[in-house]
Each structure stands twice: as structure tokens, then as C-alpha cells.
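> just to be clear, the model below is a prediction. Sequence and coordinates:
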Amino acid sequence: MTILDGLALALFFLCWLGYGPLLAVLARRSGSLNDDMTVVRRAWMMAMTHREVRIVDSQLMGHTINSGGFFASTNLLLIAAVASVLFGGEQAMQGFAAVGAEPASTGLLEAKLALVLICLARGLLDFIWSIRQMNYALALIGAAPELHSEADRVALGEAAGSLLNPALSAFSQGVRGYYFALAAAAWLFGPLWLALGVVAAFCLLVWRQAGSPAARAVRTARRLLEPHLPER
């Protein structure tokens, strides 16, 4: 591994591990899409407690669970494809290197594929945990009784929101793994490509969280919804 490889790899881990803390700073200063969505979901769960028939809520949750299952199954297929090359022996590695990757030693090529595999595996674990928590939230919606006390509705809405928000935060982390897996795959073509890929992925993620049209729309919705929510 060259010095350039080491520097590019250090930049990769700096961006990967530093993205979460940066997002927390953005949320405190100007808001972020993920942070604003926690308020929107909390408002959704509060509204759910006032509905006698919760078919729409369960359908929305079912759609979200299906999305998580799709991403998880796709992630598993990608992990199997990368692992088949990484653990397929010398012949599989040589055949993969001949496709167009930068000439490198077998050990360095294995390290590059292992980085992609780590990103995908971390994403898979996030998707699995997300789906489990969404199923818990769906069960809570289904088990919710007809409540006549506003205090009980608030308590149930808070409990459901406390399940749903971590579930979809884990889903977002799983999706984020795809971005960094793509950046890690760029390392196959050289360290400069890895550095360029991780910076591009990082900047794209930050822009989508803070400056995209979706982020601005959800921020507007948060300003409308938050005053109507009970104080914690």
C-alpha cells in the first residue's frame, strides 16, 4: 500500500465516521432532513392516536417495511457477489483484476474488496435492525386501543414515535452505506479515485440533508407541525 492509498483510506474513514457528528451539528444550527423528519414522524404518531380506524397508518408502515426489505435483500446479493470474489481464491481474484481494476498486489486488491464488503455489511445490519423496529412500531399501531384521555394519547404517540424514529434512522444509515460502498469501490481504480469518490459522496449526502428541495420542504412542514405537538 502506497502513501497515497493510506491517505485516501484515512480520508474515507474520516468522512464515514465524521458524517454523523457533522449531521448533529447541522441539526443544531440550521436543521437537517433527518432531524426534521423526527418531528414529522412524531406528529404522524400523535395523529394516529386520534384516528378510530388506523388502516392508512398500517398501510404506510407496511410500505416502509417493504422498502427496507427490498434494500436489505439487494444488499445481501451485493455482499454475496463481493464475497465470492474475495474468498474465491487466486483464480477469482486474478479474473476480477483483469476486468479493469488498477494493477495491484493480491493483498491490496483484497483490502479494497474488503472495504466494500465492510460498508455493505454495516448497511445490512442497519437494514435488519430497521425492519425489526418497524415491525415493533406496526404492532404498537395495531394494538393501540381507543383512548379518550388526551394524556393517554400523548403517551401512546410518544411511545410509537420513539420506536419509529430510531427505525427509520437505522434505515437512513443503511442507505448511506451504499454511498460509501460506491466510494470504496472507486479505490479499485486507484487512491485518487477513492479520495474523489468519498468527497463526492460526503458532499452529496450533506447537500441532500441541508440544502436539497426535499430538505427545504420538510423544514417548512416541521415549522408548521411543531407548534401543535405537546411539549416533552
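Noted; the coordinates are in hand. On a predicted model such as this, the values are computed, not experimentally measured, just so you know. Numbers count the residues shown, from 1 in each chain.
> can you pull out the low-pLDDT segments for the chain?
Where the chain drops to pLDDT under 70, the residues are 89-104, 232.
> run through who's touching the host helix or strand of Ala200.
Take DSSP states H and E as the rule and Ala200 turns out to sit in helix 191-210. Identification of contacts with helix 191-210 by C-beta atoms under 8 Å, 6 or more residues apart in numbering yields 2, 4-5, 7-9, 11-12, 15-16, 19, 22-23, 26, 30-34, 176, 179-180, 182-187, 214-215. Glycine gets a C-beta too; all of them are placed from N, C-alpha and C.
> mind listing what's buried along that helix?
For helix 191-210, burial by neighbour count (16 or more other C-beta atoms under 10 Å) applies to 191, 193-195, 197-198, 201-202, 205-206, 209-210.
> picking up where we left off before, buried subset of the contacts of helix 191-210?
5, 8-9, 11-12, 15-16, 19, 22-23, 26, 31-34, 176, 179-180, 183-187, 215.
> so in this structure, which helix runs the longest?
helix 106-143 (DSSP state H).
> quick one: secondary structure of the residue sitting furthest away from the middle of the chain?
Within the chain, the residue lying farthest from the chain centre (C-alpha atoms, centre = their mean) is His148, at 37.0 Å. Assigned with DSSP: H, G, I helix; E, B strand; the rest coil, His148 falls in the coil class.
> His50 versus that one, what's the distance?
His148 is 11 Å from His50, where distance means C-beta to C-beta, to the nearest Å.
> go on, Ala210?
33 Å.
> and the angle for the helix or strand that contains Gly6 with helix 106-143?
Using DSSP H and E, Gly6 falls within helix 3-29. Here the directions of helix 3-29 and helix 106-143 differ by 20 degrees (axes from the mean of the first three to the mean of the last three C-alpha atoms, to 10 degrees).
> packing partners for helix 3-29?
Secondary-structure packing of helix 3-29 (3 or more C-beta pairs under 8 Å, 6 or more residues apart in numbering; DSSP states H and E): helix 33-48, helix 106-143, helix 150-185, helix 191-210.
> in the longest one, what's buried?
If I follow you right, that is helix 106-143. For helix 106-143, by 16+ other C-beta under 10 Å, it's 109-113, 115-131, 133-134, 137-138, 140-141.
> with the third one instead?
By neighbour count, and taking 16+ other C-beta under 10 Å as the criterion, the buried residues in helix 150-185 are 153-154, 156-158, 160-161, 163-181, 183-185.
> which other helices and strands contact that helix?
helix 3-29, helix 33-48, helix 55-86, helix 106-143, helix 191-210.
> so which of the ones you listed is nearest Leu225?
Smallest distance to Leu225 across the helices and strands packed on helix 150-185 (C-beta to C-beta): 4.3 Å, for helix 33-48.
> spit out the contact partners of the closest residue to Leu117 other than its chain neighbours.
Distances taken as C-beta to C-beta, 6 or more residues apart in numbering place Val82 nearest to Leu117, at 4.9 Å, with adjacent residues excluded. By C-beta under 8 Å, 6+ apart, the contact set of Val82 is 113, 116-117, 120.
> save those as CSV, and put in distance to Glu226 too.
As requested, those are exported to CSV (distance: C-beta to C-beta, whole Å):
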residue, distance to Glu226
Leu113, 45
Val116, 40
Leu117, 41
Leu120, 36
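> quick one: which of those is nearest Thr74?
Leu120 (9.9 Å).
> I figured the closest one hits Leu78, correct?
Yes: counting by C-beta atoms under 8 Å, Leu120 touches Leu78, with 5.4 Å between them.
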